[in-house]
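>>> Following is a predicted model, sequence given first.
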Amino acid sequence: MKIIKIDTFPLFYPLKTPYGDANGFKNYRSCYLLRIHTQSGYSGWGEVIDWLPTLDRGFHERIIPFLLGKDATDRTSLVETISKWHQRSATGVSMALTEILAQATNLSICDLWGGALHQQIPVYASFQSYRESTDWINESYKQVKAAIHQGFTSCKVKIGGKKLSEDASHIQTLLAKLDCNVGIILDANQSYDLSTAKWWERIFADFGCFLWFEEPMPLDNPIAYKTLRNFLSVAVAGGENLQSSKAFLPFLSENAMDIIQPDVNHHTGVDGYRHTLALARTFGVRVSTHTYDGALSRLYSAFAHACLPEWSKMNGEAIEPIEWDMMENPFNELLSTTLEKGHLTIPTGKGIGLEMNEELIERYRWDGRIY
Ligand code: MG
């Protein structure tokens, strides 16, 4: 299965209204898709998230010339080589090569991986809570309320970018208006020190609806995480920017987190990502995927979760939820996934089992301008 052609699709969408978190406001969303074709007629899609100008140059000047003529079944060695140049690009290539193998064997991705153990995966509604307007708390409430009306039962909202009193007011407003009938995740994007992270316990202790506290502190101190975990009444989660199974080990071996959150886009290929999921099961720690940067990455995250054994015997809660981007982002629609009452149905067709929306790809193709 020699690789004969690779198409690339850089996509760009300027946001009408910026939104953000403790890391700042987003003014645009982007997506970089690739499609690898083989001599045998099989092809596969991949997705990468990064700055489009460097991604496009990297693919056309180095990665594509390297891959042409190689055998698509040599995924491990090809991905390892590319990951030395650019890890995220290697992950996109690993998706495409995985799909080619599934297409060639007439299997779905899940069947290729041993078969789906779950036909549906719960997803939580993920928000960027901050706006430039002074009424941002009310706007946050309105978007959470709309998600609940759509059938979502859990939501992630952002803290850590405003004064503590303002963020607390935001969360208390949500809790009062939502009547605690939805699971709430707080994500501070590594904004606090230990004592400030501990401050939130006064709110956690009063309400029973918090699912977890995400990345309250910088990820370079597993002992601080362990101390916080022992102090709080809610689960502590994190790890979306960690790039390998090895990077999760200090948190796992120190019992410093209740839930780890690898992101396939930031990891060492789909295979490396799945290794981290297995590691979570080995350590008896929950794993809830971070997946905010693309419909295809999210689908691969769902495939991996569908093939993951249950973490618990609790009926209805045996598989952890994965993230669902609720913000304005046309690239969420690149794949027509079936989402119902906060659950994603795992496609069962050959390969990824869904068609990429090529009309959307043409509409949002990046014009090459630096942004
Ligand atoms: Mg996060």
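In hand now; what should we look at?
>>> Looking at the stretch 51-200 of the chain, which residue is nearest the ion?
residue 187 (4.3 Å; Cβ to the ion). To be clear about C-beta, it is placed using only N, CA and C from the backbone, and glycine gets the same treatment.
>>> Show the contacting residues for the nearest residue to that residue once chain neighbours are set aside.
Among residues not flanking residue 187 along the chain, residue 214 sits closest, at 3.9 Å (Cβ to Cβ, 6 or more residues apart in numbering). Shown in contact with residue 214 (Cβ atoms under 8 Å, 6 or more residues apart in numbering): 156, 185-188, 237-238, 261.
>>> residues making contact with the helix or strand where residue 250 lies?
Per DSSP states H and E: residue 250 is located in helix 245-253. Defining contact as Cβ under 8 Å, 6+ apart, one finds that helix 245-253 is touched by 222, 225, 238-239, 242, 256-257, 260, 262, 272, 275-276, 279-280, 283, 285.
>>> For residue 13, give its distance to the ion.
Note on residue 13: its distance to the ion, by Cβ to the ion, to the nearest Å, is 21 Å.
>>> Pretty sure that residue sits against residue 332.
No: in this structure, residue 13 is not within contact of residue 332 by Cβ atoms under 8 Å, at 10.6 Å.
>>> what about stretch 262-277, near the ion?
No: Stretch 262-277 stays clear of the ion (Cβ under 5 Å from the ion), getting no nearer than 9.0 Å.
>>> buried sites along that stretch?
Buried residues in stretch 262-277, counted by 16 or more other Cβ atoms under 10 Å: 262-277.
>>> what sits up against that stretch?
Outside of stretch 262-277, the residues within contact range by Cβ under 8 Å, 6+ apart are 47-49, 75-76, 79, 83, 87-88, 90-91, 93-95, 98, 113, 239-245, 248, 260, 287, 289-294, 297, 300-301, 304-305, 307-308.
>>> what about that stretch, start to end distance?
8 Å (Cα to Cα, to the nearest Å).
>>> tell me the mean pLDDT for that stretch?
Average pLDDT, stretch 262-277: 96.
>>> Narrow the contacts of stretch 262-277 to those in strands?
Among the contacts of stretch 262-277, the members falling in strands (DSSP state E) are 47-48, 260, 287.
>>> can you give me the strands for the chain?
Remark: strands assigned in the chain by DSSP E are 3-21, 24-38, 43-48, 120-126, 154-158, 183-187, 210-214, 236-238, 259-260, 286-287, 322-325, 338-340, 343-345.
>>> rank these by pLDDT, which is bottom?
For those, mean pLDDT drops lowest on strand 338-340, to a mean of 93.
>>> Burial check on residue 27, number of neighbours?
The burial count assigned to residue 27 is 12, neighbours taken as other Cβ atoms under 10 Å.
>>> and what of residue 89?
23.
>>> residues touching it, list them.
Neighbouring residues of residue 89 by Cβ under 8 Å, 6+ apart: 48, 50, 55, 58-59, 63, 82.
>>> Which one of these sits in the busiest neighbourhood?
residue 48 (29 neighbours).
>>> Run through the residues that contact residue 52.
Here residue 52 is in contact with 10, 12, 30, 32, 366, 371 (Cβ under 8 Å, 6+ apart).
>>> Would you mind listing the two of the residues you listed that lie farthest apart?
Among those, the pair separated by the greatest distance (Cβ to Cβ) is 32 and 371, at 13.5 Å.
>>> out of those two, which sits in the more crowded spot?
Higher neighbour count among residue 32 and residue 371: residue 32, with 26 against 12, using other Cβ under 10 Å.
>>> Just to check, the more buried one is in contact with residue 7?
No: the criterion here is Cβ under 8 Å, and residue 32 misses it with residue 7 at 11.6 Å.
>>> what is in contact with the two at once?
The contact sets of residue 32 and residue 7 do not overlap (Cβ under 8 Å, 6+ apart).
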